[in-house]
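Student: task: produce atomic coordinates for the following.
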Amino acid sequence: MSKLRIAQYGCGKMSRYSMRYVYEKGAEIVAAFDMNPAVIGRDIGAIMGCENKGVIVQAASEAEKVLAQVKPDACLITTMSLIRDVKDALMACARSGVNAITICEEAIFPANSSPAITRELDETAKKTGCTICGTGYQDVFWGNLIATLAGAMHTIKKIRGKSSYNVEDYGIALAKAHGAGLDIAAFEKEIAAADNIPETERAALIEKGEFLPSYMWNVNGWLAARLGLTVKSQVQKCVPMTHSAELKSETLGMTIPAGHATGMSAVVTTETQEGITIESECIGKVYAPDEVDRNDWTLMGEPDTQVVITRPSTVELTCATLVNRIPDLINAAPGYVTTDQMPVNSYRVKPLDYYVKK
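Tutor: Next up is the predicted model:
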């Protein structure tokens with residue numbers, strides 16, 4: 001068996017883990033790309049904190065040409081949070097016929113927020129015979145974990161989830177998407193106002209690709225699809241999170257004044273034709289010293305069931321999920337395939353190539 005050959009697109013904070021995990025799972029990095037001039041030209045070993053690997057980070061503008069030449073088995077994309085922001089990277093892979101998997105949060109189930117981009121990616125990938133998908137922390141902890149618990153219940157009336165994470169761990173794009181650092185007036189204008197609209201207007205924005213989904217918007221769609229539910233309506237509300245004292249943000253390169261937004265809480269409520277309500281909340285903010293990640297879910301019905309996970313290592317879990325999903329990506333049919341249509345994510349005890357259909 002030969003090692004799987006992987007490309008890394010985005011060489012920031014998350015790639016330090018994703019690239020190391022690739023090597024430790026018996027695969028290898030054969031190409032790497034980024035837009036940051038400070039990173040371009042560096043050996044990926046310097047980014048990973050180990051010996052040089054002989055792979056130099058190239059400009060993102062070269063990605064499509066290099067991918068077409070190198071033809072890796074898969075490309076990992078660890079950059080932005082919205083599908084519109086990773087479209088160019090995904091399209092470079094799709095046009096090159098290279099399987100691509102991203103931790104872009106919207107990509108977990110993008111058809112319910114950016115259908116036009118999803119269709120374009122799907123059509124292109126099918127033409128070239130590759131697969132595109134999104135994964136990450138939500139694949140397991142907001143998706144498959146909840147679906148598995150649901151399988152142990154007789155009836156379900158409501159699913160209520162709440163998860164929190166420190167935006168300091170994920171880079172500046174995510175922090176800004178959460179409104180971190182804005183004063184309250186700016187938050188209301190730039191973040192919250194997008195949701196204070198009629199449902200017809202939201203539907204029009206979605207079709208035009210101009211809607212700004214919170215992470216749970218796509219998760220609720222994923223859960224409904226995995227559980228066989230038909231979505232009747234879905235709304236979201238974003239509110240600022242604040243702290244009584246100033247907080248220093250290394251990611252934003254600023255000190256957030258007391259009372260300014262440290263991030264946001266987004267609550268998404270989904271009503272289904274089957275009478276099951278999914279209400280999920282994600283809280284992303286710059287943490288105060290005593291705050292930690294949490295993941296709490298309650299399934300209400302017969303019987304009520306709850307899972308509480310305190311201090312999940314969200315960054316590492318995100319990247320491990322990404323790497324463990326590589327065989328499922330390669331084994332899937334061409335097109336844009338969401339992970340609700342794939343096997344439940346599995347621990348890979350053998351080298352990744354062992355799990356790829358020959």
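Student: setting aside sequence neighbours, what's the nearest residue to A125?
Tutor: Setting aside the residues directly before and after it, A125 is nearest to A94 in space (Cβ to Cβ, 6 or more residues apart in numbering), at 4.5 Å. For every residue, glycine as well, the C-beta is placed using N, CA and C.
Student: which residues does that neighbour contact?
Tutor: Shown in contact with A94 (Cβ atoms under 8 Å, 6 or more residues apart in numbering): 100, 121, 124-125, 128, 130, 132.
Student: among those, which are located in helices?
Tutor: Using DSSP state H, the subset of the contacts of A94 located in helices is 121, 124-125, 128.
Student: any chance of those residues in a markdown table, with neighbour count too?
Tutor: A markdown table is the format used below for the ones in helices among the contacts of A94 (neighbours: other Cβ atoms under 10 Å):
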| residue | neighbour count |
| --- | --- |
| L121 | 25 |
| T124 | 20 |
| A125 | 27 |
| T128 | 13 |
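Student: which pair of the residues you listed spans the longest distance?
Tutor: L121 and T128 (11.1 Å; Cβ to Cβ).
Student: would you say E168 is within a helix?
Tutor: Yes: using DSSP: H, G, I helix; E, B strand; the rest coil, the assignment for E168 is a helix.
Student: wait, it sits on G253?
Tutor: No: if you go by Cβ atoms under 8 Å, E168 and G253 don't touch, sitting 11.5 Å apart.
Student: neighbour count for those two, which is higher?
Tutor: Using other Cβ atoms under 10 Å, the more surrounded residue of E168 and G253 is E168, with 20 against 9.
Student: how close does the closest residue in space to that one that isn't next to it in sequence get to C50?
Tutor: Spatial nearest neighbour of E168, chain neighbours left out: T251 (5.0 Å); criterion: Cβ to Cβ, 6+ apart. Separation of T251 from C50 (Cβ to Cβ, to the nearest Å) stands at 24 Å.
Student: how long is stretch 275-292 from one end to the other?
Tutor: 34 Å (Cα to Cα, to the nearest Å).
Student: now R294: closest residue in space that isn't a chain neighbour?
Tutor: Distance criterion Cβ to Cβ, 6+ apart; nearest residue to R294, sequence neighbours excluded, is S164 at 5.1 Å.
Student: if we can go back for a sec, of the contacts of A94, closest to K358?
Tutor: C130 (17.7 Å).
Student: check contacts around the closest one.
Tutor: By Cβ under 8 Å, 6+ apart, the contact list for C130 reads 93-94, 96-100, 334.
Student: need the contact list for the residue nearest to L182 when sequence neighbours are not counted.
Tutor: Of all residues not flanking L182 in the chain, A261 sits nearest, at 4.8 Å (Cβ to Cβ, 6+ apart). Applying Cβ under 8 Å, 6+ apart, we find A261 in contact with 179-184, 187, 191, 240-242.
Student: related to what we said a few turns ago, need the three-state assignment for the residue nearest to A125.
Tutor: Using three-state DSSP, the structure places A94 in helix.
Student: tell me how far it lies from D122.
Tutor: Counting by Cβ to Cβ, the gap from A94 to D122 is 9 Å.
Student: which residues do these two both contact?
Tutor: Here A94 and D122 have I132 as joint contacts, going by Cβ under 8 Å, 6+ apart.
Student: residues near H243, how many?
Tutor: H243: 19 surrounding residues under other Cβ under 10 Å.
Student: and A288, by the same measure?
Tutor: Number of residues near A288 (other Cβ under 10 Å) recorded here: 12.
Student: also G129?
Tutor: Neighbour number of G129 under other Cβ under 10 Å is 11.
Student: now E120, nearest residue through space, not along the chain?
Tutor: Distances taken as Cβ to Cβ, 6+ apart place M91 nearest to E120, at 7.6 Å, with adjacent residues excluded.
Student: just the pLDDT for the one you found.
Tutor: What the model reports for M91 is a pLDDT of 98.
Student: check M1 too.
Tutor: M1 carries a pLDDT score of 55 in this model.
Student: report the beta-bridge partners for the closest residue to P240 other than its chain neighbours.
Tutor: Sequence neighbours aside, A261 is the residue nearest to P240 in space, at 4.0 Å (criterion: Cβ to Cβ, 6+ apart). Assessed by DSSP bridges, A261 has beta-bridge partners T242.
Student: and the closest residue to V70 other than its chain neighbours, what does it touch?
Tutor: Distances taken as Cβ to Cβ, 6+ apart place A31 nearest to V70, at 5.2 Å, with adjacent residues excluded. Going by Cβ under 8 Å, 6+ apart, A31 touches 7-8, 55, 58, 66-67, 70, 72.
Student: and the residues you listed as TSV, adding neighbour count and pLDDT?
Tutor: As requested, the contacts of A31 are exported to TSV (neighbours: other Cβ atoms under 10 Å; pLDDT from 0 to 100):
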residue	neighbour count	pLDDT
A7	26	98
Q8	25	98
V55	19	98
Q58	17	98
V66	19	98
L67	24	98
V70	14	98
P72	23	98
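Student: helices - which of those residues land there?
Tutor: Reading helices off these with DSSP H, I get 66-67, 70.
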